[in-house]
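Engineer: can't give you the sequence, but here's the structure:
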């Protein structure tokens, strides 16, 4: 027999998905517990049973979309064997979210705004970015070992890679007609792989 789904986990995910829809429509300032309860199809009492306040719900939504992005990256990179292909997979997965699932970015834009006023959310945001940089750093370290990438400061370079992908993804979120998916991916790949390439930086 298959494992039974946990009713509490199902209800929690139901509330998180409703939170993402509310954020996409009206932003964090318009998110109220009453509106969220209506969107999720639960009472406010049930809502408060699972989450203390709006900040706790936002934190859970941010963790949810980050896990979703991790899954997308893993799927894209499943057949990748070398570092260059893995890096392209990361770029492709991130850009596809910006172009195909704009709700992802509404969660993080809400999170970024609230980090200026909430220490716990600021800590969550730092942890999220460290997690993303670590995944990129693993690819860079692999490329250096394989001889595909030149030796670089891995910490600084992973931050730079994330900045490029984040920046292009945000612009595509704000302006969907800026460029198509393939040119956007090629632009990021050329820039980042060119920077990391041993040949391009040979003495």
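Structural biologist: Okay, I see it. This is a predicted model, so every value here is computed, not measured. Numbering: from 1, shown residues only.
Engineer: any idea which helix or strand comes after the helix or strand containing residue 158?
Structural biologist: Per DSSP states H and E, residue 158 falls inside helix 154-174. As assigned by DSSP H and E, the chain's next helix or strand after helix 154-174 is helix 181-196.
Engineer: so how far is that next one from its chain's centroid?
Structural biologist: Its chain's C-alpha centre lies 19 Å from the corresponding centre of helix 181-196 when counted by C-alpha atoms, centre = their mean, to the nearest Å.
Engineer: which secondary structure elements does it contact?
Structural biologist: Helices and strands touching helix 181-196, by 3 or more C-beta pairs under 8 Å, 6 or more residues apart in numbering; DSSP states H and E, are helix 83-100, helix 154-174. Backbone N, C-alpha and C define where each C-beta goes, glycine included.
Engineer: Can you tell me the SS state at residue 151?
Structural biologist: In the three-state summary, residue 151 is assigned as coil, counting by DSSP: H, G, I helix; E, B strand; the rest coil.
Engineer: give me the number of residues near the nearest residue to it once chain neighbours are set aside?
Structural biologist: In space, not counting the residues next to it along the chain, residue 151 is nearest to residue 144; the distance is 5.8 Å by C-beta to C-beta, 6 or more residues apart in numbering. Around residue 144 there are 18 other residues, counting by other C-beta atoms under 10 Å.
Engineer: What of residue 38?
Structural biologist: If you count neighbours by other C-beta under 10 Å, residue 38 ends up with 15.
Engineer: just residue 49 next, same as before
Structural biologist: With neighbours defined by other C-beta under 10 Å, the count for residue 49 comes to 14.
Engineer: and the particular helix or strand that has it in it, how far from the chain's centre?
Structural biologist: Residue 49 belongs to helix 44-50 when assigned by DSSP H and E. Shown here is helix 44-50, whose average C-alpha point lies 27 Å from the average C-alpha point of the whole chain (C-alpha atoms, centre = their mean).
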